[in-house]
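Visitor: Got a sequence here, can you build the structure:
(one chain, ligands or ions: 2)
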Amino acid sequence: MDLVNSLNGRLLFAVPKKGRLNQATLNLLEGADIQFRRENRLDIALVKNLPIALIFLPAADIPTFVGQGRVDLGITGWDQVKEHDAGVNAAAASAGAPSSSSGTESIMELEFGACKLQVQVPEKGVYTSSADLIGRTVGTSFVNLTAEYFAQLEAQAGGSSPSGKLQTTIIELSGSVEAACALGVADGIVDLVESGETMRAAGLKAIDTVVESVAVLIKSRSPSNPELVDLIASRIRGVITAQRYVLCQYNIERSGIEAATRITPGKRAPTITTLDDGWVAVSSMVEKKKIALVMDELTRVGAHDILVLDIHNTR
Ligand SMILES: Nc1ncnc2c1ncn2[C@@H]1O[C@H](COP(=O)(O)OP(=O)(O)OP(=O)(O)O)[C@@H](O)[C@H]1O
Ligand SMILES: O=P(O)(O)OC[C@H]1O[C@H](OP(=O)(O)OP(=O)(O)O)[C@H](O)[C@@H]1O
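Guide: Ligands and ions are numbered 1, 2, ... in the order given. Down below sits the predicted model:
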């Protein structure tokens, strides 16, 4: 069957084809029961159990495809969405048009791919603030956000040139941006930082944050099948919530319910079941990161048989 024709009537969903967001996105799709088989080297996969086609694209290109309405939905980094928006605004400004909307709408944050786009300079160098880089050379893969950032900085410093031309030179680099300072290509860089290991290994330090990022689910302004978009969003929300919470179950004497349910109020309310001899069984969703403390406190107020169970999905 002709692949392009087989896309007819399907919702197009762009996912990162490689890199940092790829595996976590595939895990999310599996959790949401979006079943597909990707043929070797093919960047389009038809979903078996829903009228959806997955389009595997570089994370940086996904906001363009979604923004132009070529695909309906996408998963990418918020940094990439902001970079795309900054590019759209810059193009509008140079055409003398008012800044226009990029055409993407964020549906939700996805709790992976957290990182910061930061201004970095040599640790032992002469630059201590971003303003010190005005008029210098800055290397980055995020040219639009970096240009926007320095344009604002130059305006604040009162140094904008009458032509509106940036005094700072932005050099576009497609990878290994951290090497630029050591090799004399740039005085500073703007690049992503998560643990900070890459930055420190390159002898750099962060002096400002341009954007805080996390992976996001985005949609076009006019998706082809809004009901299906809502269904996918609701499934993905269920998976994310399930990852964030555990189910805590325990038994407690009826007199202790009030104190115990203050500790485990649940997402909406705890479920309480009456047992024999004046005891009750309580089950309640608890944020995973708080569970150890919650168990300590439950023990203190007299809870017994405390169990913590993983949640696979929730609505
Ligand atoms: N160290 C990191 N920790 C967490 N998330 C990151 C990190 N680096 C990048 N990301 C997120 O992943 C997105 C894609 O980055 P990644 O470096 O994986 O790109 P890529 O698609 O492989 O392209 P490239 O070829 O430029 O590396 C970034 O835009 C950002 O949102
Ligand atoms: O703060 P850290 O935890 O060290 O992470 C930061 C690094 O991660 C990203 O690159 P990645 O490793 O994805 O490869 P890339 O340079 O090829 O994009 C980013 O560009 C940094 O180089």
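
Visitor: Poorly predicted segments of this protein, please.
Guide: By pLDDT under 70, the low-scoring segments of the chain are 1, 100-101, 159-164.

Visitor: any idea how far the residue nearest the centre of it is from ligand 2?
Guide: For the chain, the residue nearest the mean C-alpha position is A215 (1.6 Å; Cα atoms, centre = their mean). Between A215 and ligand 2 the distance is 13 Å, computed by Cβ to the nearest ligand atom, to the nearest Å. Bear in mind the C-beta positions are built from the backbone N, C-alpha and C, glycine included.

Visitor: Surely that residue touches G113?
Guide: Yes: if you go by Cβ atoms under 8 Å, A215 and G113 touch, sitting 3.6 Å apart.

Visitor: which neighbours do these two share?
Guide: L21, A24, G77 (Cβ atoms under 8 Å, 6 or more residues apart in numbering).

Visitor: Which residues does stretch 92-104 contact?
Guide: 63, 66-69, 74, 81, 84-85, 88-89, 218-221.

Visitor: Can you name the residues of the protein sitting close to ligand 2?
Guide: For the chain, the residues in contact with ligand 2 (Cβ under 6 Å from any ligand atom) are 19-20, 175-176, 178, 191-199.

Visitor: now that we have those residues, which one has the most neighbours?
Guide: D191 (28 neighbours; other Cβ atoms under 10 Å).

Visitor: Secondary structure element holding that one?
Guide: Using DSSP states H and E, D191 sits within strand 188-193.

Visitor: Against which helices or strands is that strand packed?
Guide: strand 115-122, strand 137-140, helix 143-156, helix 179-182, strand 204-213 (3 or more Cβ pairs under 8 Å, 6 or more residues apart in numbering; DSSP states H and E).

Visitor: rerun at 6 Å
Guide: strand 115-122, strand 137-140 (3 or more Cβ pairs under 6 Å, 6 or more residues apart in numbering; DSSP states H and E).

Visitor: CA atoms only for the last one, dumped as CSV, please.
Guide: So the one you mean is strand 137-140. Backbone C-alpha positions of strand 137-140 (Å, rounded to 0.1, in the frame of the first residue of the first chain) are rendered in CSV as follows:
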residue,chain,number,x,y,z
THR,A,137,30.7,36.2,20.2
VAL,A,138,28.3,33.5,21.5
GLY,A,139,28.0,30.0,20.1
THR,A,140,24.7,28.1,20.3
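
Visitor: who's in contact with it?
Guide: Outside strand 137-140, the residues within contact range by Cβ atoms under 6 Å, 6 or more residues apart in numbering are 146, 168-171, 173, 177, 180, 185-190.

Visitor: with these in mind, which one is nearest to ligand 2?
Guide: Within the contacts of strand 137-140, the smallest distance to ligand 2 is 6.4 Å, found for V177 (Cβ to the nearest ligand atom).

Visitor: May I have the secondary structure class of the closest one?
Guide: coil (DSSP: H, G, I helix; E, B strand; the rest coil).

Visitor: okay, now it: neighbour count?
Guide: 24.

Visitor: list the contacts for it?
Guide: G139, I189, D191.

Visitor: What separation is there between it and ligand 1?
Guide: In terms of Cβ to the nearest ligand atom, V177 sits 9 Å off from ligand 1.

Visitor: Quick check: closest non-adjacent residue to that residue.
Guide: D191 (4.3 Å; Cβ to Cβ, 6 or more residues apart in numbering).

Visitor: Could you give the bridge partners of the one you found?
Guide: Q118 (DSSP bridges).

Visitor: Against P270, how distant is it?
Guide: From D191 over to P270 the distance is 46 Å, taken as Cβ to Cβ, to the nearest Å.

Visitor: Which positions in the top helix by length along the chain come out as buried?
Guide: The residue-count maximum for a helix in the chain (DSSP state H) belongs to helix 226-244. Across helix 226-244, burial judged by 16 or more other Cβ atoms under 10 Å covers 228-229, 232-233, 235-243.

Visitor: Check stretch 52-70 too.
Guide: 52-57, 59-67, 69.

Visitor: Among these, list the two that are farthest apart in space.
Guide: I52 and A60 (22.5 Å; Cβ to Cβ).
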